[in-house]
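In: next input, structure requested:
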Amino acid sequence: MSLTPPVTVFMPVYNRERYLRTAIDSVLSQSYEDFELLVLDDGSTDGTPEILANLTDPRVRIVRNDSNQGIPAARNRGLDLARGEFLAFLDSDDVAHRHRLARQLRFLGRNPDHAVVGSWARKIDAVGRRKRVLRRPLTWNRIRSRLLFMGTLRTPSVLGRTAVLRGYRFRSEFPVCSDTEFWSRVVLDHRCANLPEPLICYRKHDGNVTGRDVAFTRERKLAVIEQQLGRLGVEFSRDDLERHWSLRKGKPRDSVTPEYVDWAREWLLTILAANGRAGLYPEPDFTQAVGERWCHLRAWDGKTNRGGRVKLFDPALRVPVRSYLRQRIPLRLRYGSGVA
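Out: Numbering: from 1, shown residues only. Here you go, the predicted structure:
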């Protein structure tokens, strides 16, 4: 390892004794070897400190908080302590692909105008069984244009330029969803991309932070959407916010009623017009994202009630739908289904 390694891999950990060693080993076995692994023990009370004490690899640097400070504070400390020119995130229950650092560093080396690169992720369960691939938009325009409708960067998959990331902070008012809020600001200012391969395994289990308090997590996600709509200059009610959340998920709380369909049509036209005035999200990608939401709503309508309430080529949204479908076909042929 260099005295000042080019890469810092930052791993915050709080009571993850079951998964921690697997996560650490996935970093230490990287094909790219010149890095430091900065592990921040955020006041763990289980066997985590003992696991960390037994690590002998000189690339590992361990820092400990005397008490649990929470995810935003932990990640901010990681930003401050990182010594590498590049900073990679990995959660203490996830697993990195052996060539993850090499491939992401190669991308940023070839694309000096980009500040951040993430990747797709393979979902695994508590015991490591492989599930589906979680795909994300690939290019900067597509990442920005989908901000209102999905999480476009998965934090444990991200490698970025440390100097750029330090210009932003994870906000304490988001003890959950702080990464969603963080990236919603970063990607508007700096070029980002996702590599079309799963370079991490994202572990889904009962201890995931976002699964502990579903109601509070949902409120924080709504707060992120509220910020985004504010930037766009859209006036909205609490009901609009709730309905946008269900439209974003593609699964309305109940069946797709005629009243909900009428609202969705008008709402999509409203945000499309607002972006025409504000120029916040790139075109034609944002128009395609609007068409994508309508298509997803049509698919959900078919699954739930088969009532045909959502007309695919609704006259008001025909242009966005056609724009989305034209670019969807080549993407699907090249990468498979699920690429926004």
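In: only C-alpha atoms from now on, for both contacts and neighbour counts.
Out: Will do.
In: list the contacts of stretch 156-164.
Out: Stretch 156-164 has contacts (Cα atoms under 8 Å, 6 or more residues apart in numbering) with 79, 82, 84-91, 94, 101, 104-105, 115-121, 199-200.
In: so how do I select the buried members of those residues in PyMOL?
Out: Buried residues within the contacts of stretch 156-164, by 16 or more other Cα atoms under 10 Å, are selected in PyMOL with:
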select buried, resi 79+82+84+86+87+88+89+90+91+94+101+104+105+115+116+117+118+119+120+121+199+200
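In: spit out the contact partners of Glu220.
Out: Glu isn't right for residue 220; it's Arg. Residues near Arg220 by Cα under 8 Å, 6+ apart: Phe174, Val176, Cys177.
In: confirm for me that Val63 is in contact with Val39.
Out: Yes - Val63 lies in contact with Val39 (Cα atoms under 8 Å); the separation is 6.2 Å.
In: which regions of the stretch 1-150 of the chain sit below the pLDDT cut-off?
Out: Residue ranges of the stretch 1-150 of the chain with pLDDT under 70: 1-2.
In: for it, which segments count as strands?
Out: For the stretch 1-150 of the chain, applying DSSP state E, counting those that start in this stretch gives strands covering 7-13, 35-42, 60-65, 86-89, 95-96, 114-124, 130-134.
In: can you show me the helices along the chain?
Out: 20-28, 48-53, 71-81, 100-110, 140-145, 162-165, 178-189, 214-232, 238-249, 258-278, 285-304, 318-335 (DSSP state H).
In: select, out of these, the one closest to Val133.
Out: helix 318-335 (11.3 Å; Cα to Cα).
In: mind listing what's buried in the closest one?
Out: Neighbour counts over helix 318-335 (16+ other Cα under 10 Å) mark Pro320, Val321, Arg322, Ser323, Tyr324, Arg328 as buried.
In: what's the angle from that helix to helix 285-304?
Out: Using axes from the mean of the first three to the mean of the last three Cα atoms, to 10 degrees, the inter-axis angle of helix 318-335 relative to helix 285-304 is 80 degrees.
In: show me what helix 318-335 is packed up against.
Out: Helices and strands touching helix 318-335, as assessed by 3 or more Cα pairs under 8 Å, 6 or more residues apart in numbering; DSSP states H and E, comprise helix 285-304.
In: please compute how far the helix it packs on lies from its chain's middle.
Out: Chain-centre distance of helix 285-304: 20 Å, with Cα atoms, centre = their mean, to the nearest Å.
In: quick one: mean pLDDT over it.
Out: Mean pLDDT, computed over helix 285-304, is 89.
In: buried residues of it, list them for me.
Out: Buried residues in helix 285-304, counting neighbours by 16+ other Cα under 10 Å, are found at 285-301.
In: what does stretch 34-46 give?
Out: Those buried within stretch 34-46 under the rule 16+ other Cα under 10 Å are Asp34, Phe35, Glu36, Leu37, Leu38, Val39, Leu40, Asp41, Asp42, Gly43, Ser44.
In: list of residues touching that stretch?
Out: 1-2, 5-17, 27, 48-49, 59-70, 74, 78, 82, 84.
In: what's the spacing between Asn15 and Thr152?
Out: Asn15 sits 28 Å away from Thr152, going by Cα to Cα, to the nearest Å.
In: my read: Leu108 touches Gly118, true?
Out: No - contact status for Leu108 versus Gly118: not in contact, 10.7 Å apart, counting by Cα under 8 Å.
In: before we move on, back to that, and of the helices of the chain, who's closest to Lys204?
Out: Smallest distance to Lys204 across the helices of the chain (Cα to Cα): 13.8 Å, for helix 20-28.
In: show me what counts as buried in the closest one.
Out: So, applying 16+ other Cα under 10 Å, buried residues of helix 20-28: Leu20, Arg21, Ala23, Ile24, Ser26, Val27, Leu28.
In: wait, which of those is closest to Lys311?
Out: Nearest to Lys311 out of the buried residues of helix 20-28 is Ala23 (Cα to Cα; 46.6 Å).
In: so the closest one versus Leu147, what's the distance?
Out: The gap separating Ala23 from Leu147 is 29 Å, by Cα to Cα.
In: what about the spatially closest residue to Val187 that is not a sequence neighbour, how many residues nearby?
Out: Distance criterion Cα to Cα, 6 or more residues apart in numbering; nearest residue to Val187, sequence neighbours excluded, is Arg144 at 6.4 Å. Using other Cα atoms under 10 Å, the number of residues around Arg144 comes to 25.
In: can you pull the contacts of Arg144?
Out: Arg144 makes contacts with Thr152, Val187, Leu188, Tyr281, Pro282, as judged by Cα under 8 Å, 6+ apart.
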